[in-house]
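> With the input below, show me the fold.
(one chain, ligands or ions: 1)
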Amino acid sequence: MSQKVRLRRLRYNKTVRDLFEDTHLRPQDLIYPIFVCEGKNIKNEIKSMPGQYQVSVDRLPSLCNRLIELNIKSVILFGVPDIKDDDGKVAQDDNGIVQRAVKEIKKTNNEILVIVDVCHCQYTLHGHCGTIDKGDVDNDKTVTNLGLQAISLARAGADVIAPSDMMDGRVNHIRNILDKNSFEKLPIFSYSVKYASAFYGPFRDAAENTPQHGDRKSYQMNYKNSLEAMREAETDINEGADALIVKPAMSYLDIIYRIKSKYSIPVIAYNVSGEYSMAHSAIDKNWIDKQVIFEILTSMKRAGANAIITYHAIEVAEYLNEN
Ligand SMILES: [Zn+2]
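Numbers count the residues shown, from 1 in each chain. Modelled structure (predicted):
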């Protein structure tokens, strides 16, 4: 058979295969999410996320040292406070759980990039992402409170502010308040495209932020929409976001690809709790091979993500460092 084009010629030899790989997954591409709780020497495994823990502030330096050893250079912090209130004011406390966590990490480990999630769902008694007025989350009151949370976290020493609430105008407001307080060098990684998703189930166990009534569909996006995602991305870019986060990731690779194709801004994929737990439960039962983790994370890079927030970070980095 005369066949000039044979694509398999580049697949026979492993070195040739390696030579032409066009997507790479490195430990420094990964951002590790940490749930910080009150107490001393606490490491509570999260029931629906095997291998993931709520940890107390005093355990953060050793955890961060381990991450640096593995070449994971970034973390994103979520607070699990003991005390909550109606509009999440505890999130603005300079001595709040995440503020103390940032200071503890910075005291002992200057190498690690500390990203802080800015939202109110972990801090409100009702579990919604902002201030409730007349039965729904009030956009502008929430934005004002988010600004105060952001500035308190900036003062604590956070390296990056990451608003995840999905209120309109919050990037603009946070940028302004940071600039007015001489934090003009502090970047904002905005959760620009955050869908109302069933994939967040296990996170609610971890962060203890399940809404006590209703759902988040009046502020998070409808998963049937993609043009709206482009408007969200464009709005946040115009308001001064330095990088965009797409959440969840696995079922939203088209959105990552679309944003990356149109805008020249770094994009971060959030490989969320449900994606993690789904993969892990099947791996733990030996129904699928652990290699799926690499396939899943690589697909996010291939779609255009520059970095990935993932609970798999430690196991992936261990494997990459060994091989
Ligand atoms: Zn929230």
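
> okay, CA-based contacts and neighbour counts for the rest of this
Fine.

> In this structure, spot the helix with the most residues.
Secondary structure of the chain read by DSSP state H shows that its longest helix is helix 139-156.

> what comes up buried for that helix?
139-140, 142-154, 156 (16 or more other C-alpha atoms under 10 Å).

> could you give the mean pLDDT of it?
Mean pLDDT, computed over helix 139-156, is 97.

> Put the alpha carbons of the helix or strand of the chain with the lowest mean pLDDT into CSV.
One helix or strand of the chain scores below all others by mean pLDDT, DSSP states H and E: helix 201-207, with a mean of 86. Extracted in CSV, the C-alpha atoms of helix 201-207 (Å, rounded to 0.1, in the frame of the first residue of the first chain):
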residue,chain,number,x,y,z
GLY,A,201,-21.3,19.3,46.9
PRO,A,202,-18.2,18.1,48.8
PHE,A,203,-16.8,21.6,49.1
ARG,A,204,-19.9,22.5,51.3
ASP,A,205,-18.8,19.7,53.7
ALA,A,206,-15.3,21.2,53.7
ALA,A,207,-16.2,24.9,54.1
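
> helices and strands around it, which ones?
Counting by 3 or more C-alpha pairs under 8 Å, 6 or more residues apart in numbering; DSSP states H and E, the packing neighbours recorded for helix 201-207 are strand 49-56, strand 74-80, helix 273-284.

> chain center to the first one, what's the gap?
A distance of 16 Å separates the centroid of the chain from that of strand 49-56, by C-alpha atoms, centre = their mean, to the nearest Å.

> Give me the angle between that strand and strand 74-80.
With axes from the mean of the first three to the mean of the last three C-alpha atoms, to 10 degrees applied, the angle from strand 49-56 to strand 74-80 works out at 70 degrees.

> which residues are in contact with the helix or strand just after strand 49-56?
Using DSSP states H and E, the helix or strand that follows strand 49-56 in sequence is helix 60-69. For helix 60-69, contacts defined as C-alpha atoms under 8 Å, 6 or more residues apart in numbering pick out 73, 101, 104-105, 108-109, 111-112, 314.

> how about 7 Å then?
Counting by C-alpha atoms under 7 Å, 6 or more residues apart in numbering, helix 60-69 makes contact with 73, 105, 108-109, all of which sit outside it.

> Could you do stretch 36-52 as well?
With contact meaning C-alpha under 7 Å, 6+ apart, stretch 36-52 is reached by 53-59, 78-82, 202, 205-206, 277.

> out of the residues you listed, what pair is the most spread apart?
The distance between the two most remote of those (C-alpha to C-alpha) is 26.7 Å, for Asp58 and Ser277.

> When those two are compared, which one has more neighbours?
Applying other C-alpha atoms under 10 Å to Asp58 and Ser277 shows that Ser277 carries more neighbours, namely 22 against 18.

> Any figure for the gap between the more buried one and Phe35?
16 Å (C-alpha to C-alpha, to the nearest Å).

> ok, now Ala243?
In terms of C-alpha to C-alpha, Ala243 sits 22 Å off from Phe35.

> Equivalent analysis for Glu45, please.
From Glu45 to Phe35 the distance is 11 Å (C-alpha to C-alpha).

> Asn306 too?
From Asn306 to Phe35 the distance is 23 Å (C-alpha to C-alpha).

> Any idea how many residues pack against the residue nearest to Ile132 when sequence neighbours are not counted?
Leaving aside its sequence neighbours, Ile132 sits nearest to Asp138 (C-alpha to C-alpha, 6 or more residues apart in numbering; 5.7 Å). Per other C-alpha under 10 Å, the neighbour tally for Asp138 reads 15.

> swap in Ser2?
By other C-alpha under 10 Å, neighbour count at Ser2 equals 4.

> For it, what is the enclosing helix or strand?
Per DSSP H and E: Ser2 is located in neither a helix nor a strand.

> Report pLDDT for it.
90.

> now do Gln212
Looking at Gln212, its pLDDT reads 87.

> Just the ones in helices from the contacts of helix 60-69, please.
105, 108.

> What about the residue lying closest to Tyr257 once chain neighbours are set aside? Give its phi and psi, please.
Distances taken as C-alpha to C-alpha, 6+ apart place Ala303 nearest to Tyr257, at 4.9 Å, with adjacent residues excluded. Main-chain torsions, Ala303, degrees, to the nearest 10: phi -70, psi -20.

> how far away is Ala303 from the ion?
Distance, Ala303 to the ion, by C-alpha to the ion, to the nearest Å: 26 Å.

> mind listing what Gly201 touches?
With C-alpha under 7 Å, 6+ apart, Gly201 has these contacts: Gly274.
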